[in-house]
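Student: sequence first, then the predicted structure, then my questions.
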Amino acid sequence: MGGSGTHVGITGPDRSDARAGTIVQDSSGTHRLARRTTAPAAEPAAPPPVPTREQILAFVAESTERVGKREIAKAFGITGSAKIELKRLLKEIEADGALDRDRGGLSPAGQLPPVVLADIRARDRHGDFVAVPAEWKGTGKPPAIVLTQGRGSRKGSRPAAGIGDRALIRVERDAEGGYSGRVIKVIGKNKAEIIGVYREGAQGGRIVPVEKRSQGREILIPPGEEGQARDGDLVSVTMERETRFGLPRGRVRERLGSLGSEKAVSLIALHLHNIPHVFADSTLAEADAVKPATLKGREDWRDRPLLTIDPPDAKDHDDAVMAEADPDPANPGGFILTVAIADVAAYVRPGSSLDREALERGNSVYFPDRVVPMLPERISNDLCSLREGEDRPALAVRMVIAADGEKRRHSFHRVMMRSRAKLAYAQAQAAIDGHFDDATGPLLETALRPLWAAYAALRTARDRRGPLALDLPERKVLLAPDGAVDRVIVPERLDAHRLIEEFMIQANVAAAETLEQARQPLIYRVHDEPALEKMRALGEVLASVGIKLPKEGALRPALFNRILAMAAETEHGVFLNEVILRSQAQAVYAPENLGHFGLNLRRYAHFTSPIRRYADLIVHRALITAGKLGADGLAPEISMGELAQIGEQISAAERRAMAAERETIDRLIAHHLADQVGATFAGQIAGVNRAGLFIKLDGTGADGFVPISQLGADYFRHEEGRHALVGERTGETFRLGDRVEVRLVEAAPVAGALRFELLSEGRSGARKSSPGKKPGGQPFKAASPGRPAGIRNTGSRHRGSRR
């Protein structure tokens, strides 16, 4: 109103009077009601009508953002009581099946919403990540979402996502009806998905999980939720909410393959560990387009007697060796060693599709029934394989060593070579032992004997250096033509194996030294010394077998070697090799040099296997840059942070490969033993925990479990420091490393799990506590009333790739 009045609030009975005017305060301070003198205000406009069904469907379909009731109300200006009508209409449309609702909001039936929670499952044939929605209520197979980087985006500007991640993704539909998307946020790993074997039933089916930890816990698949799965198929399953009673429920998300093929066992590991095993079209196209390297810019070493020594079934030959006496009179009794390595960097350029996929894979994976290569066969088995009698590019190191095996100097060269011969380990060893053949006879004096003479010098230096000398035989599973286990062998370890290993170690050291001297960033192979807590645990184990671990002095491999020598001729020899191995740190790849504890070397890098390890390819590129050997080296602007990230990625890929290889062997052997349930086996206690004993069988090396409930009528407690289960009443003890006899009770081939019954009696021991008083540690009561009367105790392919 006028400038002489001030508005105040109205409460109580005055509210009704205010409809006709306004309360004002005049100059005397008296409140009075000022009557309206203008025409009454127009009635407020009616709220906008609720949009029609067609308008809502069109709005949801055209929206590029998340759509819910709030967004629809805002877009159509709906307020007040009209929101109730909108809510009713939306429920009606959903009930009719025209709209789907999930965590991303509303979407047309059978289509994805603009923002969706999805799991990144694989790469497509073009190398792009492919995701599938975490929830899918449509019919048929969940749609695939091809993830793109987006225009103008820089590396690192968006969340880093990888296979196995669950992410929030912004989705767009293309003209052909497919989906593309960009990662908004990585949520974490998908923990609600299980890999298993589908078994058909009268009503729906069941899933037998492939992981050991899920054994005995089948998953019910209700009718209609089996997707495209058929009996015996390997599938991925999305878990539904568990109920208090009955089996947990799930639904088949994807059929991964049939377990009826010869390579079915490794198929499980590939999918369980998300190991890429199908090359992208762009990667294969790059490999096919590669032209063989020429002599231009290279030294011609084709007349040198370089030869390869590999396993008999090797398909890729990435290293060749030669040795000759050093003619320099200043180096009497010395040698010149040459190690030539396939020049992978000449074909796999930084940033290419070949390079990106090699980094993602990290390394080749070796299963008994197949090899999953890091590079396509056009590169690994053809252009880069140092085939006999064919010209091949190589990066070679020439090392001069003294008669005592110490290296005096070395140099790197980019060359063109031609392998003189392709030999197997046993073949080369037989020739040295006097049993040569048509291939090795002509090479005996000119090539093989010089190699063995040089190795003798290197062995002297190695013994003086004192690397960790673990003796752990490597078992090899041989398969029959149908893919079943034929037998398990322990290949004999020959001097031929040791020769190649020592030559490779010397070449790897030379690479690290050269790059350090050139101040060229690189990725080291790092093996740190054992952690303090692991040394304490080792000391407790050694004390239990009467060996004292020194508490003072520098930690060196020689310390462990003395312990191994003391136990070599005792019943504890194999056991202590395993325990000392477990006490060691995990070797990793990193741009910071921490040395290599196991080899007792100050610096070490992997250089000798670029066909199957990405770390070696990085070192090759670094050597090319440092030595100015070409334009295809390591980018000068690469940072330590980038190298650290690469190191972490390929270290994780290596651990993934090791787990997949180990689990595949477990599944094959479990399948092999499945028809021997009830048979007895000799073995050794390989692990002890609160739940029971882990047993490793002699011969096959199979691992199985004895539940603590099967140990007898006593209460057993886990004494962690002694790595033992000890009977509360009798003092009977089962300790890590004890020799035992077991009966096979159950075999689960799909999971690679074996369950045993222990037949051997434990070590006798006095009760450690007075009656009625429990000793330290949690006691366990065995569920079974007893057990049968016991049987008393009786007393390279990888060329060091895991080092």
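Tutor: Yep, that arrived.
Student: where does the stretch 551-700 of the chain have low pLDDT?
Tutor: 552-553 (pLDDT under 70).
Student: tell me, what residue is most central in the protein?
Tutor: residue 656 (2.2 Å; C-alpha atoms, centre = their mean).
Student: what sits against the residue nearest to that residue when sequence neighbours are not counted?
Tutor: Spatial nearest neighbour of residue 656, chain neighbours left out: residue 273 (5.1 Å); criterion: C-beta to C-beta, 6 or more residues apart in numbering. Placement of C-beta: from N, CA and C, glycine included. Counting by C-beta atoms under 8 Å, 6 or more residues apart in numbering, residue 273 makes contact with 656, 659-660.
Student: which one among the residues you listed gets closest to residue 470?
Tutor: residue 659 (20.3 Å; C-beta to C-beta).
Student: ramachandran angles for that closest one?
Tutor: phi -70, psi -40 (degrees, to the nearest 10).
Student: and the gap between residue 314 and residue 653?
Tutor: 22 Å (C-beta to C-beta, to the nearest Å).
Student: counting neighbours, what do you get for residue 211?
Tutor: Counted with other C-beta atoms under 10 Å, residues neighbouring residue 211 total 17.
Student: that one and residue 752, how far apart?
Tutor: 9 Å.
Student: next: residue 703.
Tutor: 8 Å.
Student: check residue 171 too.
Tutor: Residue 171 is 38 Å from residue 752, by C-beta to C-beta.
Student: same check, this time on residue 463
Tutor: 39 Å.
Student: related to what we said a few turns ago, who has more neighbours, residue 314 and residue 653?
Tutor: More crowded of residue 314 and residue 653, by other C-beta under 10 Å: residue 653, with 24 against 16.
Student: what sits closest to the more buried one if chain neighbours are left out?
Tutor: residue 362 (2.5 Å).
Student: next, count neighbours for that neighbour.
Tutor: Neighbours around residue 362, by other C-beta under 10 Å: 25.
Student: more neighbours: residue 463 and residue 752, which one.
Tutor: residue 752 (27 against 11).
Student: please, which helix or strand holds the closest residue in space to the more buried one that isn't next to it in sequence?
Tutor: Spatially, and ignoring its direct neighbours in sequence, residue 752 is nearest to residue 666 (3.2 Å; C-beta to C-beta, 6+ apart). Secondary structure from DSSP states H and E places residue 666 in helix 640-673.
Student: can you list the buried residues in that helix?
Tutor: Buried residues in helix 640-673, counted by 16 or more other C-beta atoms under 10 Å: 643, 646-647, 649-651, 653-654, 656-657, 660-661, 663-673.
Student: give me the low-pLDDT residue ranges for the stretch 201-350 of the chain?
Tutor: 213-216, 241-245, 260-263.
Student: tell me where it has helices.
Tutor: 264-272, 281-289 (DSSP state H, counting those that start in this stretch).
Student: quick check: which of those helices is nearest to residue 555?
Tutor: Per C-beta to C-beta, nearest to residue 555 of those: helix 264-272, 35.6 Å.
Student: and that closest one, how far out from the chain middle?
Tutor: 13 Å (C-alpha atoms, centre = their mean, to the nearest Å).
Student: follow-up on the earlier one: what sits against the residue nearest to the centre of the chain?
Tutor: Here residue 656 is in contact with 273-275, 362 (C-beta under 8 Å, 6+ apart).
Student: what residues does stretch 231-239 touch?
Tutor: For stretch 231-239, using C-beta under 8 Å, 6+ apart, the contacting residues are 134-135, 192-200, 205, 207, 210, 219, 221, 227, 229, 248-260, 264, 267-268, 271.
Student: just the CA trace of the one helix or strand residue 61 maps to, in CSV.
Tutor: Using DSSP H and E, residue 61 maps to helix 53-62. Written as CSV, here are the backbone C-alpha positions of helix 53-62 (Å, rounded to 0.1, in the frame of the first residue of the first chain):
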residue,chain,number,x,y,z
ARG,A,53,0.0,-41.5,-21.9
GLU,A,54,1.5,-40.8,-25.4
GLN,A,55,3.1,-37.5,-24.2
ILE,A,56,4.8,-39.3,-21.3
LEU,A,57,6.1,-42.2,-23.5
ALA,A,58,7.4,-39.7,-26.0
PHE,A,59,9.1,-37.6,-23.3
VAL,A,60,10.8,-40.6,-21.8
ALA,A,61,12.0,-42.0,-25.1
GLU,A,62,13.5,-38.6,-26.2
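Student: by contact count, what packs against it?
Tutor: helix 69-76, helix 82-95, strand 105-108 (3 or more C-beta pairs under 8 Å, 6 or more residues apart in numbering; DSSP states H and E).
Student: could you tell me the angle between that helix and helix 69-76?
Tutor: 110 degrees (axes from the mean of the first three to the mean of the last three C-alpha atoms, to 10 degrees).
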